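Trainee: Pasted the sequence and its predicted model underneath.
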Amino acid sequence: MIPLQTARRIADEAFAEATRRGIDNITVLVADPSGAVRLALRNDAQGAFGFDTARAKAQTALGFGKSSKRLAEIFGDDPAATVGINAAVGGCFIPIAGAVVVHDAANTVVGAVSISGGNPLADDEVARAAVERVGLFTSP
Amino acid sequence: MIPLTQAMAVVDACFVAGAERQLAELAAVVTDEGGAVRAVMRSDGQHAFSVDIAIAKARSALGFRRSTIKLAEYFGSHASSTIGITYATDQRFIPIGGGIVLVDDDGRVIGAAAVAGGAPATDDAVVRAAASSVGLAALD
């Protein structure tokens, strides 16, 4: 499980990376392997939905063991499956890029990092950059 | 609206105030004045429900414009009202100590803060001390 201190560093790196890209309207969220929130920070420029969408993306990625970007590719043309899965898992399925599954050097899943608010592909890149900068790894 | 830097300061102060009261494991949240999460952190040994509980306490305080420890004084002996309000508010109502409405120097409501980790009176003391330490106050 990602310790809180590491989660805070991930958040710092994510905000720094977003700023470098001129993105200021994001929520950064770190979840444990079951999808439960460890940390979430919503930036001043982002609207009220930020926390809920970031959390759902994190749960989505952990639910399938794949980044939500990969899930967007898989489910993008299948709205029936998207709606059905969303209902089956209690409404937290958002296959939109921005959340990555995080694992350690032993390939154990330690949680997820989720960015909501910018362009989804940029959210994904920000999340991956932040994870890599603290010495952890992401799944495709 | 409370800036993210101030929301983070309150959350950090909750961990400090908690440690001072031998409350090592907790979740702390700050929301904006509408109840949308701005910052939340959960300590390494604290269970997952505490984030949901803290968010519900913050929203409960905002919903009644009253700290949840004061709400507990009434609702603790009015079970039917508690159940009814829980349904009426989409199950966001937890009248247990630990949530406060945050006001600034001008007495303006800028958000809510809540702690979930110890006994209700401890959670209440922690969140009040945290708010005070960063120059904010509880509405009541």
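Mentor: Looks like it arrived, so ask away. Here the structure is a predicted model, which means the values were calculated and not measured.
Trainee: contacts and neighbour counts: CA atoms only from here.
Mentor: Noted.
Trainee: who touches B:Val10 in this structure?
Mentor: Residues in contact with B:Val10 (C-alpha atoms under 8 Å, 6 or more residues apart in numbering or on different chains) are B:Val30, B:Ala113, B:Ala130, B:Ala131, B:Val134.
Trainee: Wasn't the first one part of a helix?
Mentor: No: looking at B:Val30 with DSSP: H, G, I helix; E, B strand; the rest coil, it is strand, so not inside a helix.
Trainee: Filter the contacts of B:Val10 down to the ones in helices?
Mentor: B:Ala130, B:Ala131 (DSSP state H).
Trainee: which one of the contacts of B:Val10 sits closest to A:Ala99?
Mentor: B:Val30 (22.7 Å; C-alpha to C-alpha).
Trainee: How far away from the center of its chain is stretch A:17-37?
Mentor: From the chain centre to the centre of stretch A:17-37 is a distance of 6 Å (C-alpha atoms, centre = their mean, to the nearest Å).
Trainee: now stretch A:132-140, how far from the chain's geometric center?
Mentor: Distance, stretch centre to chain centre, for stretch A:132-140: 12 Å (C-alpha atoms, centre = their mean).
Trainee: Tell me how many other residues crowd B:Ile100.
Mentor: Applying other C-alpha atoms under 10 Å in any protein chain shown, we find 32 residues neighbouring B:Ile100.
Trainee: what comes up buried for the least confident helix or strand in chain B by mean pLDDT?
Mentor: Ranked by mean pLDDT, DSSP states H and E, the weakest helix or strand in chain B is helix B:79-88, scoring a mean of 91. Within helix B:79-88, the residues that qualify as buried are B:Thr82, B:Thr86, counting by 16 or more other C-alpha atoms under 10 Å in any protein chain shown.
Trainee: Go ahead and produce PDB holding the CA coordinates of that helix.
Mentor: The C-alpha coordinates for helix B:79-88 follow below in PDB (Å, rounded to 0.1, in the frame of the first residue of the first chain):
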ATOM      1  CA  ALA B  79     -33.900   8.300  15.800                       C
ATOM      2  CA  SER B  80     -36.900   8.700  13.500                       C
ATOM      3  CA  SER B  81     -35.800  12.200  12.500                       C
ATOM      4  CA  THR B  82     -32.300  10.900  12.000                       C
ATOM      5  CA  ILE B  83     -33.500   8.200   9.700                       C
ATOM      6  CA  GLY B  84     -35.800  10.500   7.800                       C
ATOM      7  CA  ILE B  85     -33.200  13.100   7.200                       C
ATOM      8  CA  THR B  86     -30.700  10.500   6.100                       C
ATOM      9  CA  TYR B  87     -33.000   9.500   3.300                       C
ATOM     10  CA  ALA B  88     -33.900  13.000   2.500                       C
END
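Trainee: For B:Lys57, list the residues it contacts.
Mentor: For B:Lys57, the contact set (C-alpha under 8 Å, 6+ apart) comprises B:Thr68, B:Arg92, B:Phe93, B:Ile94, B:Pro95, B:Ile96, B:Gly97, B:Gly98, B:Gly99, B:Ile100, B:Ala114.
Trainee: Which members of the residues you listed additionally contact chain A?
Mentor: The subset of the contacts of B:Lys57 within reach of chain A, by C-alpha under 8 Å from any C-alpha of the partner chain, is empty.
Trainee: Select from those residues every entry located in strands.
Mentor: Residues of the contacts of B:Lys57 located in strands (DSSP state E): B:Gly99, B:Ile100, B:Ala114.
Trainee: distance of the residue nearest to the first one when sequence neighbours are not counted from B:Asp106?
Mentor: Computed as C-alpha to C-alpha, 6 or more residues apart in numbering or on different chains, the closest residue to B:Gly99 that is not its neighbour in sequence is B:Ala114, at 4.0 Å. Counting by C-alpha to C-alpha, to the nearest Å, the gap between B:Ala114 and B:Asp106 amounts to 21 Å.
Trainee: Tell me the one among the ones in strands among the contacts of B:Lys57 nearest to chain A.
Mentor: Closest approach to chain A among the ones in strands among the contacts of B:Lys57 (C-alpha to the nearest C-alpha): B:Ala114, at 14.5 Å.
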